[in-house]
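> Sequence first, predicted model second:
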Amino acid sequence: AASFVGPLSPALDIIRTIRDPEKPNTLEELEVVTESCVEVQEIGEDEYRVVIRFTPTVPHCSLATLIGLCLRIKLQRCLPFRHKLEIYISEGTHSTEEDINKQINDKERVAAAMENPNLREIVEQCVTEPD
């Protein structure tokens, strides 16, 4: 396992390879996520608050909710420590950021979204590591 100073690195490594739902690029290549968008704070013994602020490629991006969902699913699966996850759209970068922030941080709505087979398939395609 790679050694790292603080848990920032694994969080970033996990999300940088998520693919855009419509393009062949990763979120890092599209600058939807960057190093500065990940914030990790220790909130207890071996427990961290992980805050991700991502920037959709366009202000009315219809996929922003989906990207937020992909970020959440992949981090929940892959983070090697206990965490509280908060995912937000960077302030001022999306026309309906408040609604989307509510959706992607609402456990019930996230669970409901993942019960939709079509949506789940898209999420899986985005979060699966390329071979």
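Noted; the coordinates are in hand.
> Phi and psi next, for residue 55.
Backbone dihedrals for residue 55, given as degrees, to the nearest 10, come out at phi -120, psi 110.
> Roughly how far does residue 67 sit from residue 104?
The spacing between residue 67 and residue 104, counted by C-beta to C-beta, to the nearest Å, is 9 Å. Bear in mind the C-beta positions are built from the backbone N, C-alpha and C, glycine included.
> Just want to know which of these two has more residues nearby.
The residue with the greater number of neighbours, taking residue 67 and residue 104 and applying other C-beta atoms under 10 Å, is residue 67; the counts read 29 against 26.
> In contact with the more buried one, which residues?
The contact partners of residue 67, taken as C-beta atoms under 8 Å, 6 or more residues apart in numbering, are 18, 20-21, 27, 32, 54, 56, 61, 126.
> likewise residue 41?
If you count contacts by C-beta under 8 Å, 6+ apart, residue 41 has them with 48-49, 51.
> For this structure, which residues score under the pLDDT cut-off?
Counting by pLDDT under 70, the low-confidence segments of the chain come to 1-8, 130-131.
> Please repeat the previous calculation with a cut-off of 80.
Low-confidence segments of the chain (pLDDT under 80): 1-9, 129-131.
> in it, what residue sits furthest out from the centroid?
Checked against the mean C-alpha position of the chain, the extreme residue using C-alpha atoms, centre = their mean is residue 45, at a distance of 23.7 Å.
> for this protein, what spans make up the helices?
Using DSSP state H, the helices of the chain run over residues 8-16, 64-78, 97-104, 107-115, 117-127.
> how about TSV for those helices, with distance to residue 87 added?
Converted to TSV, these look like this (distance: least, C-beta to C-beta, whole Å):
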stretch	distance to residue 87
helix 8-16	10
helix 64-78	5
helix 97-104	5
helix 107-115	10
helix 117-127	14
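> okay, which residue is most central for this protein?
Taking C-alpha atoms, centre = their mean as the criterion, residue 71 is the residue nearest the geometric centre of the chain, at 2.0 Å.
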